[in-house]
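Participant: Any chance you could fold what I've pasted below:
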Amino acid sequence: MASPRIVLKTAAFTLLVPFTVAVAIPRALQRWRPHPRVPLDSRFARTAGSASILVGSLLYAHTAWRFVTEGEGTPSPTDDPDELVTGGIYAYVRNPMYVGVLLVIVGQALRFRSVSICWWAAGCWIGFHNRVLEYEEPHLAEAYGEKYDRYRERVPRWLPRVRRP
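Facilitator: Numbers count the residues shown, from 1 in each chain. Reported below is the predicted structural model:
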């Protein structure tokens, strides 16, 4: 059962960090720098952008919930889960939370056809990738040892493997 305290801490972290990165900053960029626009049909851009935002939001919500229920912790780097989270979508990809956030950003870039938000998405991707390589993977290896090493060998970092039936 999820502790109400951990749920509240996860909600607070989500509003402070992922919401700021994935929603507040892209919206500010769209208002501040609405041109040039990505040359896409506006109906296609709205539909594809909305789908990306929806999938990214659901993916983030799933991963945050896994941290709360399976890991008994939060996504915040200052409040690591007690257990290594490997269930749900984490069984297929090691960093789905970052993927979810990127999908929300890319969705807004599409919806608003914003070149500025596209650049923000690219910068976030580089930042996320560097954070995973330089901090998270070494930290998880130290914290969870052999369990994380086996998990890292089995599960890809960013995109799930396509398996043949």
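
Participant: show me the contacts for the residue nearest the centre of the chain.
Facilitator: A centroid search over the chain (CA atoms, centre = their mean) returns residue 98, at 2.3 Å, as the residue closest to the centre. Counting by CB atoms under 8 Å, 6 or more residues apart in numbering, residue 98 touches 128, 132. To be clear about C-beta, it is placed using only N, CA and C from the backbone, and glycine gets the same treatment.

Participant: Check the one 4 residues further on too.
Facilitator: Contact criterion CB under 8 Å, 6+ apart gives 56, 121, 124-125, 128 as the residues in contact with residue 102.

Participant: could I get those residues as JSON lines with secondary structure, pLDDT and neighbour count?
Facilitator: Formatted as JSON lines, the contacts of residue 102 follow (DSSP: H, G, I helix; E, B strand; the rest coil; pLDDT from 0 to 100; neighbours: other CB atoms under 10 Å):
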{"residue": "56", "secondary structure": "helix", "pLDDT": "98", "neighbour count": "22"}
{"residue": "121", "secondary structure": "helix", "pLDDT": "98", "neighbour count": "23"}
{"residue": "124", "secondary structure": "helix", "pLDDT": "98", "neighbour count": "19"}
{"residue": "125", "secondary structure": "helix", "pLDDT": "98", "neighbour count": "17"}
{"residue": "128", "secondary structure": "helix", "pLDDT": "98", "neighbour count": "19"}
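
Participant: of those, closest to residue 114?
Facilitator: Nearest to residue 114 among the contacts of residue 102, counting by CB to CB, is residue 121 at 9.7 Å.

Participant: Point out where the protein drops to low pLDDT.
Facilitator: For the chain, the stretches flagged by pLDDT under 70 are 1, 164-165.

Participant: ok, now with 50
Facilitator: Along the chain, segments meeting pLDDT under 50 are nowhere present.

Participant: what about the helices in it?
Facilitator: 4-16, 18-19, 25-32, 42-69, 96-111, 115-131, 137-144, 146-154 (DSSP state H).

Participant: now for the longest one, which elements pack on it?
Facilitator: Right, helix 42-69. Counting contacts by 3 or more CB pairs under 8 Å, 6 or more residues apart in numbering; DSSP states H and E, helix 42-69 packs against helix 4-16, helix 96-111.
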